[in-house]
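1. The sequence and its predicted three-dimensional model are supplied below.
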Amino acid sequence: MRFVVRRLSMFLFTLWAAMTLNFFIPRFMPGNPLQALEARTRAKLSPAALESILSSFGYKPNAGLVPQYFTYLKDMVTGQWGQSIGLSLGQPVRDIVFQSLPWTLGLIGLTTVIAFLLGNVAGIVAGWRRGGTLDSWLPSTLVVTANLPYYWIGMLLILVFATTLNWLPADFNYDPSILPGFSPGFIGSVAQHAVLPAFTLLITSIGGWILTMRNNMITTVAEDYVRMARAKGLSDRKIMFNYAARNAMLPNISGFAMSLGFVLSGSVLVEYVFNYPGLGYQLLNAVDNNDYPLMQVLFMLYTVSVLVALLAADFFMAWLDPRAREKG
Amino acid sequence: MKFASLVKNRKALIGLILFGITVLVALFPGLFASSQPNVIGTYAPKLGFSTAHLLGTTSYGQDIYTQLVFGARQVLVIALAAGAFATVLSVLIGITAAYMGGLVDEFLSLITNVVLILPTFPLMIILARYAGTSNWVMIIVLVATGWSYGANQMRAQALSLRNRDFLEAARVRGERRAYIILFEMMPTMTSLIVANFLGSALYSVLAASGLQFIGLGNTSQDSWGTMLYWANSAEALQSGVAMWIIAPGLAIAVLSAAFALMNYAFDEIGNPALRPVRRKDLRKARKAAAQSALDEEKGAADVYADAA
């Protein structure tokens, strides 16, 4: 019980801290939505007119910071997210979020899961066949690929497969000439547009999984229960997956949860390079245009997703491993 | 942790060499290229490779190779400074939390965990967007978002040391708390601290270049991320100056590979189980095993003689 209370209070505190930071940072810094709007309309409208437009969408620069802060907290929690005061002026933030969310979840969420699965299998094999050809060159290569600037890999893929070979599209989420719907043409177009960004993420994220899994396997293979399994005369495959890999996976679970939590926010640059209209792309729009309402909601969603993922991983681990329960 | 063991490890050696080259270029860019990396229209735009322009020129008529050489310094300074400050902060917070325990520990751990969970890159974007574009802002942003992971590691390591005899001895001698932390605890944690520094420097290279790439750095200063920003906004890929994108990205990749390789090598040195198994060693081990089996037949006395 104490475990649950502790985790939940941590959850609430972090959420509050993130929301507070995100309220005060933009407001204490130079630049405001009015100036951004002025720049966008190229000063064709008077500042007074612009201000009345913004205030009709809920922007109140003259109200005190403290009351603003409390209404902000209340609105965030109750889901009254307001309207955008940036690029898509007047559009409800909720609509923007729900339009972009599926694209990010689909592209980056799916890629994260695939990278985790492939990476772990490769790591299990590499760690099991210690000293084999795979194991001797793999780690050095992966250390390098896991730390490549991933947006650059994206641009290289565009250069090769889009600009030069012309095999795949370089930006957007689907061909706008096709009507969205459950038609094979539309689904094909979505898949086609997802290939390059997905590979960009796979190339850079799979290395980390393989390396940690390999290293965990190496430590686990030396344990007594693996020797015991060998002594019992079990088949190699059974020892590898049911004895060694099962235990070697444990430390990876919280890492996987963390990366699932970062699905929403972690790949801003991939969406930027491929002009993929997901949540990360919206964040850059919001920041560029001082779109406080959109920025606030996005930041809250990013934080909540990490927190929920971690919380889930904590409870899952506690259920899986009694030692984790003890620590509290 | 000896220097010799660093040089013996192949990954560490490659990392060290790549890092050394970058440092050399960053210190003396004048040796490698003529100045004026940034002036628009110095040369004809979009020239191909030639001896005069090793990597061609940009759409604005700047020499790509010269820009690359002069861009090394800024990235390196940001990486080293942010890495160093972040490490100092992690060490201070981590060790203080572990050593003081109680409420102080609760409080510091809470802050560490909150910062760890915050979505870092979006926070960086927001901070960098609103705080300006000087190098110092960049460094502060990187330190503010990058110290927490290390602090957790330091705390864990320091906790495992807390009840060791040599610390008890120092306390009994009547040493001050600051002395014990600085001169008794920290030296035993050197390898973790160095690994931490390499990790944060690596993180800073990638994050700073990423921020510069989306135009949140100082766009008038030479650096690899800023080169990518200008190249991307001039649609370099579509207009046939691909080298403008390939070259700076490769430079970032090389520098981060240098930090990553050194960092990983540190892990291997600290944990011998992870080291690569050399064919030569395997053969030697097999031969030794076969030999000792033979020896056993001959008699135990010979084995002892062999070992000696």
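-> That came in fine, so what should we check first?

2. contacting residues for residue B:171?
-> Taking CB atoms under 8 Å, 6 or more residues apart in numbering or on different chains as the criterion, residue B:171 is in contact with residue B:180. No exception for glycine: its C-beta is placed from N, CA and C like everyone else's.

3. Residue B:69 now?
-> Residue B:69 neighbours (CB under 8 Å, 6+ apart): B:25, B:29, B:32-33, B:37.

4. Likewise for residue A:321?
-> Residues in contact with residue A:321 (CB under 8 Å, 6+ apart) are residue A:250.

5. Over to residue A:221?
-> So residue A:221 contacts A:127-128, A:130, A:244 (CB under 8 Å, 6+ apart).

6. 10 Å instead, please
-> Applying CB atoms under 10 Å, 6 or more residues apart in numbering or on different chains, we find residue A:221 in contact with A:127-128, A:130, A:227, A:239-240, A:243-245, A:247-248, B:273.

7. and if you look at residue A:240?
-> Neighbours of residue A:240 in contact, by CB under 10 Å, 6+ apart: A:124-125, A:127-129, A:217, A:221, A:226, A:229, A:234, A:246, A:248.

8. thinking again about what came up before, please convert the buried members of the contacts of residue A:221 into ChimeraX selection syntax.
-> Buried residues within these, by 16 or more other CB atoms under 10 Å in any protein chain shown, are selected in ChimeraX with:
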select /A:127,128,130,239,240,243,244,245,247,248
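
9. which ones among the contacts of residue A:221 are found in helices?
-> A:127-128, A:227, A:247-248 (DSSP state H).

10. What sits closest to the residue in the stretch 151-300 of chain A that chain B sits nearest to if chain neighbours are left out?
-> Nearest residue of the stretch 151-300 of chain A to chain B: residue A:152, at 3.4 Å (CB to the nearest CB). Spatial nearest neighbour of residue A:152, chain neighbours left out: residue B:249 (3.4 Å); criterion: CB to CB, 6 or more residues apart in numbering or on different chains.

11. Could I get the buried residue list for the strand or helix carrying the one you found?
-> Residue B:249 belongs to helix B:243-270 when assigned by DSSP states H and E. By neighbour count on 16+ other CB under 10 Å, the buried set for helix B:243-270 is B:243-253, B:255-269.

12. again, but for stretch A:133-150
-> A:135, A:138-140, A:142-150.

13. Farthest-apart pair in those, please.
-> The most widely separated members of the buried residues of stretch A:133-150 are A:135 and A:149, with 26.9 Å between them, by CB to CB.

14. ok, back up a step: helix, strand, or coil at the residue of the stretch 151-300 of chain A closest to chain B?
-> Secondary structure assignment for residue A:152 (DSSP: H, G, I helix; E, B strand; the rest coil): helix.

15. The residue nearest to residue A:152 is in contact with residue A:157, isn't it?
-> No: with contact defined as CB atoms under 10 Å, residue B:249 does not count as touching residue A:157 (11.9 Å).

16. Show the low-confidence segments of chain B, by residue range.
-> Across chain B, the ranges flagged by pLDDT under 70 are B:1-7, B:35-42, B:44-48, B:51-54, B:61, B:270-290, B:292-308.

17. can you point me to the longest helix in it?
-> Chain B, longest helix under DSSP H: helix B:64-100.

18. Could you check the pLDDT of residue A:38?
-> Looking at residue A:38, its pLDDT reads 69.

19. what does the one 5 residues further on give?
-> pLDDT recorded at residue A:43 is 60.

20. So what's the gap between the helix holding residue B:249 and the chain middle?
-> 8 Å (CA atoms, centre = their mean, to the nearest Å).

21. what's that helix packed up against?
-> helix A:133-145, helix A:150-157, helix A:184-221, helix B:3-8, helix B:10-27, helix B:64-100, helix B:190-213, helix B:224-233 (3 or more CB pairs under 10 Å, 6 or more residues apart in numbering or on different chains; DSSP states H and E).

22. Only the buried residues of the next helix or strand after the longest helix of chain B, if you could.
-> Beyond helix B:64-100 in the direction of the C-terminus, DSSP H and E gives the next helix or strand as helix B:102-117. Using 16+ other CB under 10 Å as the burial criterion, the residues of helix B:102-117 that qualify are B:105, B:108-110, B:112-117.

23. repeat for stretch A:246-264
-> By neighbour count with 16+ other CB under 10 Å, stretch A:246-264 contains the buried residues A:247-249, A:252, A:254, A:256-264.

24. filter those down to the ones close to chain B.
-> Within the set of the buried residues of stretch A:246-264, contact with chain B (CB under 10 Å from any CB of the partner chain) is found for A:258, A:261-262, A:264.

25. Residue A:75 should be in a helix, yeah?
-> Yes: counting by three-state DSSP, residue A:75 is located in a helix.

26. For it, give me its contacts.
-> A:58, A:81-82, A:293, A:296-297 are the contacts of residue A:75 under CB under 10 Å, 6+ apart.

27. where's the nearest residue to residue B:195 once chain neighbours are set aside relative to residue A:219, distance?
-> Distances taken as CB to CB, 6+ apart place residue B:266 nearest to residue B:195, at 4.5 Å, with adjacent residues excluded. Distance, residue B:266 to residue A:219, using CB to CB, to the nearest Å: 17 Å.

28. With residue A:293 instead?
-> Distance from residue A:293 to residue A:219, counting by CB to CB: 49 Å.

29. Tell me which of these two has more neighbours.
-> Neighbour totals were compared for residue A:293 and residue A:219, and residue A:293 leads with 24 against 16 (other CB atoms under 10 Å in any protein chain shown).

30. Let's verify that one: helix, strand, or coil?
-> At residue A:293 the chain is in helix, as set by three-state DSSP.

31. isn't it right next to residue A:92, touching?
-> Yes: using CB under 10 Å, residue A:293 is in contact with residue A:92, at 9.3 Å.

32. what is in contact with the two at once?
-> A:57, A:81-84.

33. and chain B, which of those contact it?
-> Checking the shared contacts of residue A:293 and residue A:92 against chain B (CB under 10 Å from any CB), there are no matches.

34. Lowest-confidence one in those residues?
-> Lowest pLDDT within the shared contacts of residue A:293 and residue A:92 is found at residue A:57 (64).

35. looking at this, residue B:160 is in a helix?
-> Yes: assessed with three-state DSSP, residue B:160 lies in a helix.

36. which SSE is the residue nearest to the spatial centre of chain A in?
-> Note on chain A: the residue nearest the mean C-alpha position is residue A:263, at 1.9 Å, using CA atoms, centre = their mean. Under the criterion DSSP H and E, no helix or strand holds residue A:263.

37. which residues touch it?
-> A:104-105, A:107-113, A:278-279, A:302, A:305-306, A:309.

38. I'd like to know how far the residue nearest to residue B:89 when sequence neighbours are not counted sits from chain A.
-> Spatially, and ignoring its direct neighbours in sequence, residue B:89 is nearest to residue B:147 (4.2 Å; CB to CB, 6+ apart). Look at residue B:147 and chain A: by CB to the nearest CB, to the nearest Å, they are 16 Å apart.

39. quick one, phi psi at the closest residue to chain A within the stretch 1-150 of chain B?
-> Closest residue of the stretch 1-150 of chain B to chain A, CB to the nearest CB: residue B:130 (3.1 Å). Note on residue B:130: backbone dihedrals following degrees, to the nearest 10 are phi -100, psi -20.
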